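build me a structure from this.
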Amino acid sequence: MRKFIIRTLFFVLPPLLILIAVEVAIRNTPNTFSRKAAYLKENLSEIQVLCLGSSHSQDGIDPALFHVKGANLAFGGQDLHVDSALFFTYVHQMPRLRYVVLELDYHTLETRMESDNYRIPWYYIYHGIELQKLPASKKVSLFFSSPTFFTGYLFLMTQPRMRQLQINEHGFITNDHDGYFKKRHFDSSSINQEFHQRLGARHGEEDLRVYAENIRKLNGMLSYCRDNNIKVLVITTPAYQTYRQNQKPDKRGRVQCYADSLRLLPFVTYRNFEAAPEFLITDFKNDDHLSREGSIKLTQLLDQELQAADEIRNP
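Alright, predicted model coming up:
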């Protein structure tokens, strides 16, 4: 029996130790998701501005530039179902919360995160939010949330020429200057000619069932803010003209209809930056994501809105 146990340990321990080493390496490599969660939890009692949304807000809003302490939990692929879960998980723990920034882009109201999205376990591991039933392995291990993704991720981290991301304490990447537009030397002719092939049917899907669900989630957050004297800034983030040209009129119309309804709510400010003239081609990484330069412009514009709300509240 003793020999059997020793032989079993001989075969089991090495791969187990390797898995533990891999997990430790993943968790200790700086990344935006974990740093956002850590910053929020460490500053819950001081946060005055909470930003939610998809990669558009993730790339476009750097809370370090706000005049008050803020946190940005927006992330790539994040939908209103996740936004709502994050909001109601933390809002009761944020006594100084005064503003919530919500995203209302072309895709927002008719997008739902797929059930097999590899990031879903991350919300459980870092925020304690179980968006759906998860196996035990994905509740405790980042690697097992997506072995394929993290194998590739670790491989890239070992490459000597891999660009090291500079991530501030808020989880915002501050050296994000590259992208498709820069590779094309910001040549508008080239960028405009290729957009049909590049974008295809991206964000072209329409789903009225998801639309209704998302409206309920969004209205639920708005109702809480109204009842708790929290100002809401709803924004449509900047997009280059090629992205705007690729939109379906009916879907665009539903977004506009909801945006118009927000104007009737005194605690909500809606700002549409989608075609704002302040944003030049050099402010974009690609058709619908801002570069670092663009994020500085957008965050400063948002901060002006927050300061204006301060003046209204405290004349």
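
point out where this protein drops to low pLDDT.
1-26, 28, 156-163, 201, 310-315 (pLDDT under 70).

so where do the strands sit in it?
49-51, 70-72, 99-103, 231-236, 268-272, 284-286, 289-290 (DSSP state E).

tally of neighbours for the closest residue in space to Ile120 that isn't next to it in sequence?
In this structure, Ile120 finds its nearest non-sequential neighbour in Leu131, 5.2 Å apart by Cβ to Cβ, 6 or more residues apart in numbering. To be clear about C-beta, it is placed using only N, CA and C from the backbone, and glycine gets the same treatment. Counted with other Cβ atoms under 10 Å, residues neighbouring Leu131 total 18.

what of Arg271?
If we define neighbours as other Cβ under 10 Å, then Arg271 has 18 of them.

let me see the contact set for it.
Residues counted as contacts of Arg271 (Cβ atoms under 8 Å, 6 or more residues apart in numbering) are 233-236, 301-302, 305.

I'd like the distance between it and Gln48.
Distance from Arg271 to Gln48, counting by Cβ to Cβ, to the nearest Å: 19 Å.

do the same with Lys248
On the measure of Cβ to Cβ, Lys248 and Gln48 end up 37 Å apart.

go on, Thr151?
For Thr151, the distance to Gln48 - Cβ to Cβ - is 40 Å.

neighbour count winner among the two?
Ranked by neighbour count (other Cβ under 10 Å), Thr151 and Gln48 place Gln48 first, with 17 against 12.

distance check, the more buried one against Lys231.
10 Å.

again, but for Pro277
For Pro277 relative to Lys231 (Cβ to Cβ), the value is 26 Å.

in terms of neighbours, single out the busier of these two.
Lys231 (22 against 5).

is it true that that one touches Leu265?
No. Using Cβ atoms under 8 Å, Lys231 is not in contact with Leu265, being 10.6 Å away.

who's in contact with Gln132?
Applying Cβ under 8 Å, 6+ apart, the residues contacting Gln132 are 115, 120.

ok, now which ones touch Ala275?
Contacts of Ala275 by Cβ under 8 Å, 6+ apart are 238-239, 241, 244.

now those residues in JSON lines, with neighbour count?
Below are the contacts of Ala275 laid out as JSON lines (neighbours: other Cβ atoms under 10 Å):
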{"residue": "Pro238", "neighbour count": "27"}
{"residue": "Ala239", "neighbour count": "24"}
{"residue": "Gln241", "neighbour count": "15"}
{"residue": "Arg244", "neighbour count": "15"}
